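> A structural model of the following input is requested.
(2 chains)
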Amino acid sequence: MIDGFIALYIFMLAAFVGHEIIGRVPSILHTPLMSGSNFVHGIVLVGAMVALGRADTTMELTIGFIGVFLGAGNAVGGYVVTERMLEMFKSSKEKGS
Amino acid sequence: MSEFVSMRSVIEASYFIAAILFIFGLKRMSSPVTARGGIIWAGAGMVVATLVTFLYPGMGNYALMMVAIFIGGVLAWVSGKKVAMTNMPQMIALYNGMGGGAAAAIAAVELLGGEEHGLVFGTLAVLGGMIGAVSFSGSLIAFAKLQGLMKSTVRFGGQQLLNLLLLTATVGLAGIIVFQHGDINLVSVFFLLALILGVTMTLPIGGADMPVVISLYNALTGLAVAFEGFVLQNAAMIIAGTVVGAAGTLLTQLMAKAMNRSLANVLFSGFGDEVVGEASDISGSMKPIEAADVGVMMAFADKVLIVPGYGMAVAQAQHKVWELAQLLISRGVDVKFAIHPVAGRMPGHMNVLLAEAGVPYDIIYDQDEINAEFTSADVALVIGANDVVNPAARTDPASPIYGMPILNADHAKNVIVIKRGQGVGFSGIENALFFLDQTRMLYGDGREMASQLIQEVKSL
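Have a look, this model is predicted:
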């Protein structure tokens, strides 16, 4: 059970980690990194799956279905665009020019 | 029972691994050398977390779940593969909105479902749902604006008041829902209000500010995911959501700072449609030049700094510009690209566009690294950039962009501006750079002009 102060500690430490990661990043990577963090919150898919998995009424099933659909879109789309962007980052040495 | 417990530990352990992969993946993404590996690490984490969730105890509806994942995944995969690099910002907005919507959907199921959550978890569920819904509709508006599906700004009198009323009503309703669990009417009205709030918040914000807004909604979605993670007792969601929330908030601040504006200023004040004429008058005239002269000028220069803007990307000129740069480099000219933090539609967007054309990142320089070099440059080639090289930002307190850090293109010995016509740029502000004595205007489409310059340099 993640409860009370344990939850607060996790929240605080994770917030520090997020802050640290972005702190010293060169601005050329801001867009890919925003896209990458957009992908990471695609983890919402997992929560939507649990919500749909436990749903009983038609209403809950419908909302849960939409949730999983949207979460999957976030995760997959976020991955594809981030990967495409990062693939292009090469130094002049790697290109052999 | 023991089987149940061990299944639980397998799931928790997998989420733990996923969280580590996310953090290290993001860490690797923060350096250009390791960035490509970073997304693969994070992707592996996502696969682990998703697969293991199928083993969650007490779940059903697996067929429905797989159909939803399949449809959402395939649609996103195809659209993500197809989208042009110039349209990347709005795609990120779209996927981000989907994440916010998913968080809101989780909240809706939890709020309507049989289980009561108590004060703390009830509040978190409602807050996460509200933030997720605002992020969902707001991101869709941002997408529509950048995609050109709607007029870029919609403003009317009393708009801020309306937003404030909407916000108050939504929060008030949220408070009631925490205590009145499972009332379907209240929950529906609550989500409807939150969705409308997202729309009305985003409508008045101009196109130039959209990157900041997308970044903000990205951070908000992260926060909403973290809140729903607390409600579902899901550590992976809490950690990933919070990391994104914090990282996104910082990124939003960095972007706003690059434009010399506070976040509040971006969100609550219009920009770019203020009356321009009141800024101090610019004297002098714009002096045209022919491509042949520019070709000679650059071919025999020692140092050329290229300042690309979004206009270059719109004209799809980046490949030609890189070809031109290579040609100059082979003649011994020192060529560098100077990038303003907000060139393009997002910080780093211009770097992505140049990278796509094949420009190596070690000849692309940030504003801070390159600004001192303009004084020693023979030619500053400004292509499709406008506000980010406007010296009025430095000198004219009446200018709407006063105080914004700019690239010192005006310090170069010669300034060549490739521009389609004489009109003002994206923000609607007249550019003092164009009227300077050392500035010449090369009128025409960016790509065509770059091709012409290539021909001219080749023929020398």
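
> give me the neighbour count for residue A:20.
16 (other Cβ atoms under 10 Å in any protein chain shown). Every C-beta, even on glycine, is put in place using the N, C-alpha and C of the backbone.

> helix or strand right after the host helix or strand of it?
Under the criterion of DSSP states H and E, residue A:20 resides in helix A:4-23. Once the chain leaves helix A:4-23, the next helix or strand it forms, by DSSP H and E, is helix A:30-40.

> hmm, the helix holding residue A:20 touching chain B?
Yes - counting by Cβ under 8 Å from any Cβ of the partner chain, chain B has neighbours in helix A:4-23: A:7, A:10-11, A:14-19, A:21-23.

> adding neighbour count, write these out as JSON lines.
Compiled in JSON lines, the residues of helix A:4-23 next to chain B are given as follows (neighbours: other Cβ atoms under 10 Å in any protein chain shown):
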{"residue": "A:7", "neighbour count": "20"}
{"residue": "A:10", "neighbour count": "19"}
{"residue": "A:11", "neighbour count": "20"}
{"residue": "A:14", "neighbour count": "24"}
{"residue": "A:15", "neighbour count": "18"}
{"residue": "A:16", "neighbour count": "13"}
{"residue": "A:17", "neighbour count": "19"}
{"residue": "A:18", "neighbour count": "29"}
{"residue": "A:19", "neighbour count": "14"}
{"residue": "A:21", "neighbour count": "26"}
{"residue": "A:22", "neighbour count": "23"}
{"residue": "A:23", "neighbour count": "11"}
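
> quick one: low-confidence parts of the stretch 51-200 of chain B?
B:114, B:152 (pLDDT under 70).

> for residue B:151, helix, strand, or coil?
coil (DSSP: H, G, I helix; E, B strand; the rest coil).

> look up how far chain A lies from it.
25 Å (Cβ to the nearest Cβ, to the nearest Å).

> roughly how far does the residue positioned nearest the centre of chain A sit from chain B?
In chain A, the residue lying closest to the centroid (Cα atoms, centre = their mean) is residue A:40, at 1.6 Å. Residue A:40 is 5 Å from chain B, where distance means Cβ to the nearest Cβ.

> hang on, that residue packs against residue B:42?
Yes - contact status for residue A:40 versus residue B:42: in contact at 5.8 Å, counting by Cβ atoms under 8 Å.

> common neighbours of these two, please.
B:22, B:25-26 (Cβ atoms under 8 Å, 6 or more residues apart in numbering or on different chains).

> intersect the residues you listed with the contacts of chain A.
Answer for those near chain A (Cβ under 8 Å from any Cβ): B:22, B:25-26.

> give me the subset of these lying in helices.
In this view, those that belong to helices under DSSP state H are B:22, B:25-26.

> would you reformat the residues you listed as TSV and include neighbour count and distance to residue B:333?
Converted to TSV, those look like this (neighbours: other Cβ atoms under 10 Å in any protein chain shown; distance: Cβ to Cβ, whole Å):
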residue	neighbour count	distance to residue B:333
B:22	29	44
B:25	26	39
B:26	27	38
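
> can you get me a residue count around residue B:193?
Using other Cβ under 10 Å, residue B:193 is surrounded by 21 other residues.

> for the stretch 251-400 of chain B, which residues are neighbours of chain A?
Looking at chain A, the residues of the stretch 251-400 of chain B close enough under Cβ under 8 Å from any Cβ are B:251, B:254-255, B:258, B:326, B:339, B:341, B:344, B:346-349, B:351-352, B:355-356, B:358, B:360-364, B:366.

> quick one: buried ones out of these?
B:251, B:254-255, B:258, B:339, B:341, B:344, B:346-349, B:351-352, B:355-356, B:358, B:360-361, B:363-364, B:366 (16 or more other Cβ atoms under 10 Å in any protein chain shown).

> can you tell me which of these are in helices?
Mapping those onto helices (DSSP H) picks out B:251, B:254-255, B:258, B:349, B:351-352, B:355-356.

> what's the spacing between residue B:431 and chain A?
Going from residue B:431 to chain A by Cβ to the nearest Cβ gives 23 Å.

> can you give me the pLDDT of the closest residue to that residue other than its chain neighbours?
Spatial nearest neighbour of residue B:431, chain neighbours left out: residue B:390 (4.6 Å); criterion: Cβ to Cβ, 6 or more residues apart in numbering or on different chains. As predicted, residue B:390 sits at a pLDDT of 88.

> same check on residue A:38?
Looking at residue A:38, its pLDDT reads 95.

> ok, residue A:8 - how many residues close by?
11.

> what distance do you get for it to residue A:14?
In this view, residue A:8 and residue A:14 are 11 Å apart by Cβ to Cβ, to the nearest Å.

> with residue B:311 instead?
40 Å.

> got it, and residue B:400?
39 Å.

> so where does residue A:55 fall, helix or strand?
Once you assign secondary structure using DSSP H and E, residue A:55 falls outside every helix and strand.

> so it sits against residue B:106, correct?
No - counting by Cβ under 8 Å, residue A:55 does not reach residue B:106; the two are 10.8 Å apart.

> so which of these two has more stuff around it?
Neighbours of residue A:55 and residue B:106, each counted by other Cβ under 10 Å, are more numerous for residue B:106; the result is 36 against 23.
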